[in-house]
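Trainee: Need coordinates for the following:
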Amino acid sequence: MTPLSSGYELRSVVHLVRPTGARAQNLEELRAGIVDAPDRSLFFHARHHQLRHPASEEPVHDDFSAWVNGVVQDRETAERISFAVQNRAESPESLRGALLDALLQVPESERLSRGTQPESEFVFLLAESVPLPTGVTVATARELVHGLIAADASVWFFHLIEQPWFPEGPLLGDWLIARGEERLAAWLIVGAASGQPIEVMRRRLLRRWRQGRISRRVSEAAGASDEVRREAGRSTVARLVRRIHKPEPPA
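Mentor: A predicted model of the protein is given here:
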């Protein structure tokens, strides 16, 4: 376990996926399966798509709403399920209740009649996690940002999406807050909970970090003396000249 006062070890994760044995051919069987589903099964079907499709430009549907929409072809219920996942997936208990509320808005007779053939049934799966060390330990928020920008998508998934569901050791958000980085912690937590694709979050973090660095430089320059500002300007021009006159590499 990593104390909040020490460095934070970044880890990636792989998942061993297996069926739970539960299946659903209609909305009523889906409801019953959700009632009995292990927490890790709920997590897999509600959140694992963020790891399966990290580079998607648009949020990808969770497994439940994707099946109801694409196979059962009940768009209204699928939208309610999707809304539940997007807004209530902070814990197994919250998500389970929200999913059941969405399905119970459909009368029981209709839940039984809205189904599909056996070959298209919903198969409940469960994912066991195997965390893996990356060899990267960060000591500051700056190091963390650089680490996340360079990290594999599974590192993002493990720390920002999976660990809040199944806490083992200090959470990344708590570690940041202990260092006075409440805004960065909130930005990462909210972004992950919203279902944003991981690569979209990575680009936004890089843009946010660059903008923050520019703002700090402007603020520092505004408070600097004329001589310091002139020296900074000369250094910038010198770097530009060196770049312009840098010899071209041989073809």
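Trainee: neighbours around E108, how many?
Mentor: E108 is flanked by 11 other residues according to other CB atoms under 10 Å. All C-beta atoms are positioned from the backbone trio N, CA, C, and that covers glycine.
Trainee: give the contact list for it.
Mentor: The contact partners of E108, by CB atoms under 8 Å, 6 or more residues apart in numbering, come to E28.
Trainee: what does R47 give?
Mentor: With contacts defined as CB under 8 Å, 6+ apart, the neighbours of R47 are D62, A89, I161, E162, W165.
Trainee: my guess is the fourth one meets S129, correct?
Mentor: This points to E162. Yes. In this structure, E162 sits in contact with S129. The criterion is CB atoms under 8 Å, and the distance is 6.5 Å.
Trainee: neighbour count winner among these two?
Mentor: It is E162, of E162 and S129, that has more neighbours when counted by other CB under 10 Å, with 25 against 17.
Trainee: Find me the pLDDT at that one, would you?
Mentor: Note for E162: predicted pLDDT of 94.
Trainee: do R204 as well
Mentor: In this prediction, R204 has a pLDDT value of 87.
Trainee: Surely it touches G191?
Mentor: Yes. With contact taken as CB under 8 Å, R204 and G191 are classed as touching, separated by 7.1 Å.
Trainee: Compare those two and say which one has the larger neighbour count.
Mentor: Using other CB under 10 Å as the criterion, R204 and G191 rank with G191 on top: 17 against 13.
Trainee: before we move on, the earlier item: so which pair among the contacts of R47 is furthest apart in space?
Mentor: Distances among the contacts of R47 were taken as CB to CB; the most separated pair is D62 and E162, at 14.9 Å.
Trainee: mind listing the strands for the stretch 51-200 of the chain?
Mentor: Counting by DSSP state E, counting those that start in this stretch, the segments of the stretch 51-200 of the chain that form strands are 122-138.
Trainee: what stretches of it score poorly on pLDDT?
Mentor: Across the stretch 51-200 of the chain, nothing is flagged by pLDDT under 70.
Trainee: Dump the contacts of R47 to CSV, plus distance to D74.
Mentor: Rendered in CSV, the data for the contacts of R47 read as follows (distance: CB to CB, whole Å):
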residue, distance to D74
D62, 15
A89, 21
I161, 27
E162, 29
W165, 27
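Trainee: Got a ChimeraX select line for the buried ones in those?
Mentor: If you want just the buried ones from these in ChimeraX, going by 16 or more other CB atoms under 10 Å, the selection is:
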select :62,89,161,162,165
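Trainee: what sits in contact with each of E162 and S129?
Mentor: With contacts defined as CB under 8 Å, 6+ apart, the residues adjacent to both E162 and S129 are V13.
Trainee: Tell me how many other residues crowd the residue lying closest to G191 once chain neighbours are set aside.
Mentor: Closest residue to G191 apart from its sequence neighbours, by CB to CB, 6 or more residues apart in numbering: M201 at 5.0 Å. A total of 21 residues lie near M201 under the criterion other CB under 10 Å.
Trainee: M201: what secondary structure?
Mentor: Local secondary structure at M201 is given as helix here, using DSSP: H, G, I helix; E, B strand; the rest coil.
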